[in-house]
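Peer 1: Structure for the following, please:
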Amino acid sequence: MLRPASRQCPLAVSIVALYAGLLPTPLAVADDWPQWMGPSRDNVWREDGLLDTFPAAGPKVLWRTAIAGGYAGPAIAAGRVFVTDYVTDADVKVANFERKASTGTERVLCLDEATGKVLWKHEYPVTYTIAYPAGPRCTPTVDGDRVYALGAEGNLCCLNVADGNLLWSRDLKADYDTKAALWGWASHPLVDGDRLVCVVGTEMAHAVAFDKRTGKEIWRAGKAPEQGYSPPTMIETGGKKQIVFTKPDGIYAVEPATGQILWESPYNADNGSIIMAPVQVGEYLYVGGYQEKNLLLKLGPDKPEVIWRNKPKHGVSAVNVQPFVADGLIYGFHEKGDLRAVAIPSGEVVWKGGGPLGERPQGSGTTFIVRQADRYWMFAETGDLVIAKMSPAGYSEIDRAHLLEPTNTAFGRNVVWCSPAYANRSIVVRNDKEIVRVSLAR
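Peer 2: Numbers count the residues shown, from 1 in each chain. Take a look at the predicted model:
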């Protein structure tokens, strides 16, 4: 029987307290951000010890380093930051559907995470033939002692993490007899075991798995009128893994080891603009392209069942921002710039609004969504970092701080369209002039 509190022995209480003080305290969780959407490719930040709100003077800037143009987000691994850019004298503020040739140099930069000092760089000449020609789109992918980078014109390279030594490279345009899509190569490569899986081309192959050590082709799959922009996406259904690819005229899945096509479904979006990676919500798989060309599939043991296709005023047509699945909903930014929550399988819009961008959303409004614990860190095209909450009941903002100036333009407004990386209680993010590391530690 427990004694009443008033009769507990002070000595016993002191001994218990002392013993508890000697026990090891749980270690704080820290993590790297080695690829697009983080270590698990799911836009979840699994760290603690973070700010609840920002200091009155703003969060502490740890360093700033000058870089050139690009939309590619950084990757962070083993104390290093990897980012790509494009150095040119040409006017890179050419947008939407206008292709304009320019010549310059694409670079892969490795920075010291603690200081921002450039440790090494790999560079090569390139001619851009694309719209939005500020620079590369794809976040580098770090895998052990190697980093993989894919440029906007299809230059794929594997570099040694330690010194930037080129281990192998592929020219996807030449190797697969194709040309860059309107907005360039934007499908972030996927490491799967010994394979590096990439969207490569059109008639010869839509997707290819390369040996990640040598660059030798292992398998190829599919054909397409154009590459599209949607990254290869690993899903699991029926206890088995599949890699799903979305292309301008369809969606299909392959067996990861062999590239054998497991199923395919027709699908299209205006201008080939399927940019988001498909998202899985339980037994359903959703993808949304431009002009509300959306598709919901119900996964099964064989070919998925089409639940609905191109359902007006439903779903979310994602442009720059990968949607996030939580609470049985899809949270994402629609092509018109509004943040919305979408129910699956109905596709009904549960709520919508401006979110971090205010009450008057604009076309292709962009805020990158990352979840941490029970809240969201959202980096907006205005250069603001926002702490917020989202739930089936709606969106609520906790705090915001301005980190970077928008250095490019789109739809007549100034924007910064670069996804950040979160690691070691900090955010690393760039525009077309600099990359910064800002502490978010409590």
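
Peer 1: Could you check the pLDDT of residue 94?
Peer 2: Residue 94 is assigned a predicted lDDT (pLDDT) of 62.

Peer 1: oh sorry, the question was meant for residue 101
Peer 2: Listed pLDDT for residue 101 reads 87.

Peer 1: next one: the one 4 residues further on
Peer 2: Looking at residue 105, its pLDDT stands at 98.

Peer 1: That one sits in which helix or strand?
Peer 2: Assigned by DSSP states H and E, residue 105 belongs to strand 102-112.

Peer 1: elements contacting that strand?
Peer 2: Here strand 102-112 touches strand 80-87, strand 118-128, strand 146-150, strand 155-160, going by 3 or more C-beta pairs under 8 Å, 6 or more residues apart in numbering; DSSP states H and E. In this view, the C-beta of every residue, glycine as well, is placed from N, C-alpha and C.

Peer 1: That strand to strand 80-87, inter-axis angle?
Peer 2: Angle of strand 102-112 versus strand 80-87, following axes from the mean of the first three to the mean of the last three C-alpha atoms, to 10 degrees, is 160 degrees.

Peer 1: in strand 102-112, what counts as buried?
Peer 2: Under the neighbour-count criterion of 16 or more other C-beta atoms under 10 Å, strand 102-112 has 102, 104, 106, 107, 108, 109, 110, 111 buried.

Peer 1: For the first one, which non-adjacent residue is spatially closest?
Peer 2: Just to be clear, that refers to residue 102. Spatial nearest neighbour of residue 102, excluding adjacent residues (C-beta to C-beta, 6 or more residues apart in numbering): residue 90 at 3.5 Å.

Peer 1: thinking again about what came up before, relative to the strand holding residue 105, what are the paired strands and their orientations?
Peer 2: When pairing is defined by DSSP bridges, strand 102-112 lines up against strand 80-87 (antiparallel), strand 118-128 (antiparallel).

Peer 1: wait, which of the ones you listed is closest to residue 321?
Peer 2: Of all these, strand 80-87 sits nearest to residue 321, with 19.4 Å by C-beta to C-beta.

Peer 1: taking the mean pLDDT, what do you get for the closest one?
Peer 2: Strand 80-87 comes out at a mean pLDDT of 98.

Peer 1: And stretch 261-281, by the same measure?
Peer 2: On average, stretch 261-281 scores 86.

Peer 1: So what are the sheet partners of the helix or strand harbouring residue 242 and their directions?
Peer 2: Per DSSP H and E, residue 242 falls inside strand 240-247. Within its sheet, strand 240-247 is paired with strand 233-237 (antiparallel), strand 250-254 (antiparallel), according to DSSP bridges.

Peer 1: Low-confidence stretches in this structure?
Peer 2: For the chain, the stretches with pLDDT under 70 are 1-30, 94-96, 270-273, 360.

Peer 1: Helices of that one, start to end?
Peer 2: Per DSSP state H, the chain carries helices over the ranges 10-22, 172-175.

Peer 1: hmm, back to that, save the strands paired with strand 240-247 as JSON lines, and put in distance to residue 179 and mean neighbour count too.
Peer 2: Output for those, formatted as JSON lines (distance: least, C-beta to C-beta, whole Å; neighbours: other C-beta atoms under 10 Å):
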{"stretch": "strand 233-237", "distance to residue 179": "24", "mean neighbour count": "16"}
{"stretch": "strand 250-254", "distance to residue 179": "20", "mean neighbour count": "22"}
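
Peer 1: picking that back up, of all the strands paired with strand 102-112, which one is nearest residue 438?
Peer 2: Of the strands paired with strand 102-112, the one closest to residue 438 (C-beta to C-beta) turns out to be strand 80-87, at 12.7 Å.

Peer 1: hang on, the earlier thing: export the helices and strands packed on strand 102-112 as CSV, with columns for distance to residue 431.
Peer 2: Shown next, in CSV, are the helices and strands packed on strand 102-112 (distance: least, C-beta to C-beta, whole Å):
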stretch, distance to residue 431
strand 80-87, 11
strand 118-128, 17
strand 146-150, 19
strand 155-160, 23
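
Peer 1: quick one: the nearest residue to residue 98 once chain neighbours are set aside from residue 387, how far?
Peer 2: Counting by C-beta to C-beta, 6+ apart, residue 131 is the residue found nearest to residue 98 once chain neighbours are left out, at 5.5 Å. Taking C-beta to C-beta, to the nearest Å as the measure, residue 131 falls 33 Å from residue 387.

Peer 1: next one: residue 279
Peer 2: 23 Å.

Peer 1: do residue 402 as well
Peer 2: Applying C-beta to C-beta to residue 402 and residue 387 gives a distance of 13 Å.

Peer 1: For residue 151, see how far away residue 133 is.
Peer 2: Distance from residue 133 to residue 151, by C-beta to C-beta: 12 Å.

Peer 1: OK, contacts around the nearest residue to residue 135 once chain neighbours are set aside?
Peer 2: Distances taken as C-beta to C-beta, 6+ apart place residue 70 nearest to residue 135, at 2.9 Å, with adjacent residues excluded. If you count contacts by C-beta atoms under 8 Å, 6 or more residues apart in numbering, residue 70 has them with 83, 84, 85, 86, 134, 135, 136, 137, 418, 430, 432.

Peer 1: For beta bridges, what are the partners of the residue nearest to residue 305 when sequence neighbours are not counted?
Peer 2: Leaving aside its sequence neighbours, residue 305 sits nearest to residue 298 (C-beta to C-beta, 6+ apart; 4.4 Å). Beta bridges link residue 298 to residue 284, residue 305, judged by DSSP bridges.

Peer 1: Tell me if I'm right that residue 323 and residue 330 touch.
Peer 2: Yes: the criterion here is C-beta atoms under 8 Å, and residue 323 meets it with residue 330 at 5.0 Å.

Peer 1: quick one: common contacting residues for the two?
Peer 2: 279, 316.

Peer 1: Look up how far residue 288 lies from the closest residue to residue 123 other than its chain neighbours.
Peer 2: Sequence neighbours aside, residue 107 is the residue nearest to residue 123 in space, at 4.3 Å (criterion: C-beta to C-beta, 6+ apart). According to C-beta to C-beta, residue 107 stands 33 Å off from residue 288.

Peer 1: can you check residue 377 too?
Peer 2: 23 Å.

Peer 1: These two: which is more packed in?
Peer 2: Shown here are residue 377 and residue 288; by other C-beta atoms under 10 Å, residue 288 has more neighbours (28 against 21).

Peer 1: who does that one bridge with?
Peer 2: residue 294.

Peer 1: wait, what's in contact with the residue nearest to residue 35 when sequence neighbours are not counted?
Peer 2: Setting aside the residues directly before and after it, residue 35 is nearest to residue 141 in space (C-beta to C-beta, 6+ apart), at 4.5 Å. Contacts for residue 141 (C-beta under 8 Å, 6+ apart) come out as 34, 35, 36, 75, 147, 148, 149, 188, 189, 190, 191, 196.
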